[in-house]
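Engineer: I would like the atomic coordinates for the input below:
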Amino acid sequence: MNVPMSADVLATLARLNDSPASDILTGGDSLTAGIELGLPHAAIASLGTILIIGLGFIARPRPSTLYWSLAFLGTMLASFAYIAAVVSEMEWLRLTSLGIMFGAPVLIWSGIRALRGVPALAWIAAIISVGAAGVLLLTHETAFYAFTYRVAYLAGSVFGALFIWEWYRSTVRGERILLPAVVVSGLFAASGVLAFIAGIAAPGASLQLLETVRVFSSVGMLIYMTSLLVSLVPFVTPSAHTTRSGRATDRWEVFATVVRSRLERARTHDETSWALLQVTLDDAEDLLRAGGQSVLTRLVANIERRVREIFPAGADIATSPDGAIIALVNRPEGVVRDLVRQSLRRIARHDPTSPISITPSASIGWTTTAVSGFDFDILMQVTADAAKVARDKGGDRWERVGS
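Structural biologist: Below is the predicted model:
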């Protein structure tokens, strides 16, 4: 992107890049201003690290709390590194700390994915952090610094929108305590897009816009971290769980470990008769709006009970964080097909004790290890896709992968 710039603008940019205030943590042109804005970030990140690790991860270690702990820990270390760089005038350390901060939203997103039971893809955080630090180091003394800064900021903010998408797809979207994190993630994503568009639309005013982006993103990042702290700390505290109990999450994690072990042994002995089934409640979103999260949770539990009544005692059955009932069974394909049909009929029976006066229906996606292999994550994905196909066809039916 070659943008003609006057010698005065280039000279001013060079002075700005040499100043310890040329990044998201500074709002003025002095060393004191940089430190004054850096300290609140370090304080919030430190508090978040202590609370999430102490109240969440240590009390109930799981991938989601691990990734959220790493997000606050990384931000804390980067904030203190930034302050040290400002004091000691170490430009490379200052820019490196910025790159690390841009990777923190990725870990927040990875945490909500881990909560859903899908691959967390946390390695993307390392790519964003290293990539952002690299481009800032390479361009900080050139006219491209303003553009690369906006690109790095946009890359980090995109995961604010992805966090909202994962939250919407999860069963925890009924948890009101997460709403501050959802709202601030949306604002964070919007700010990254607006900053990038503003730089493209008015390249001649890049110097002024860059200074505005610094001040805006500094305050925005502080609000972002504070809102995440307010939402995530009560959410990960075991005693604060309501509709999604810690025991239920622990059961799913145990189930996933057992199933992975069974599939690995099946792979070793080339046992292709194992089948994974995913049972999803039809019209779940309408039921959620009509009765709330607690009613939906009771309906899902009722469906799991009915599935257990049909399947043999040796089958592994549990409810995933998404609210789908997952079953792993070692039976011939014809037997599995019969189990699927019986399950659909049993689920469709009216239950007088149901919290809502409706007759539920479900869609089932299923596959065998002969078709889809032995990887648990892949089996979960393909059966979820198959269940969606069945649901899109009207529901109350099953869809087999590869049929």
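Engineer: nearest to the spatial middle of this structure, which residue is it?
Structural biologist: residue 109 (2.5 Å; Cα atoms, centre = their mean).
Engineer: tell me if I'm right that that one and residue 159 touch.
Structural biologist: Yes - counting by Cβ atoms under 8 Å, residue 109 does reach residue 159; the two are 4.4 Å apart. Heads up, the C-betas are built off the backbone N, CA and C, glycines and all.
Engineer: walk me through the domains of this protein.
Structural biologist: 7-240, 246-400 (automatic domain parsing).
Engineer: which stretches in the stretch 301-403 of the chain count as helices?
Structural biologist: For the stretch 301-403 of the chain, the helices defined by DSSP state H, counting those that start in this stretch cover 333-347, 369-372, 376-392.
Engineer: can I get these in JSON lines including distance to residue 151?
Structural biologist: Formatted as JSON lines, these follow (distance: least, Cβ to Cβ, whole Å):
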{"stretch": "helix 333-347", "distance to residue 151": "49"}
{"stretch": "helix 369-372", "distance to residue 151": "38"}
{"stretch": "helix 376-392", "distance to residue 151": "31"}
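Engineer: residue 276 is nearest to which of those helices?
Structural biologist: For the helices of the stretch 301-403 of the chain, the distance to residue 276 is smallest for helix 376-392, at 4.4 Å, taking Cβ to Cβ.
Engineer: helices and strands of this structure: which one bottoms out on pLDDT?
Structural biologist: Lowest on mean pLDDT, DSSP states H and E among the helices and strands of the chain sits helix 7-18, with a mean of 41.
Engineer: how about the strands in the chain?
Structural biologist: Ranges of strands in the chain, per DSSP state E, are 274-281, 316-319, 325-330, 362-368, 398-400.
Engineer: just to revisit the earlier point, among the helices of the stretch 301-403 of the chain, which is nearest residue 145?
Structural biologist: helix 376-392 (40.1 Å).
Engineer: per-residue confidence for the closest residue to residue 236 other than its chain neighbours?
Structural biologist: Sequence neighbours aside, residue 56 is the residue nearest to residue 236 in space, at 3.1 Å (criterion: Cβ to Cβ, 6 or more residues apart in numbering). At residue 56, the model reports a pLDDT of 77.
Engineer: return the distance of residue 56 relative to residue 50.
Structural biologist: In this view, residue 56 and residue 50 are 11 Å apart by Cβ to Cβ, to the nearest Å.
Engineer: which one's more surrounded, these two?
Structural biologist: Legend: neighbour count by other Cβ atoms under 10 Å for residue 56 and residue 50, higher for residue 56 (24 against 15).
Engineer: wait, the more buried one touches residue 233, no?
Structural biologist: Yes - using Cβ under 8 Å, residue 56 makes contact with residue 233 at a distance of 7.2 Å.
Engineer: overlap of the contact sets of the two?
Structural biologist: Between them, residue 56 and residue 233 share no contacting residue under Cβ atoms under 8 Å, 6 or more residues apart in numbering.
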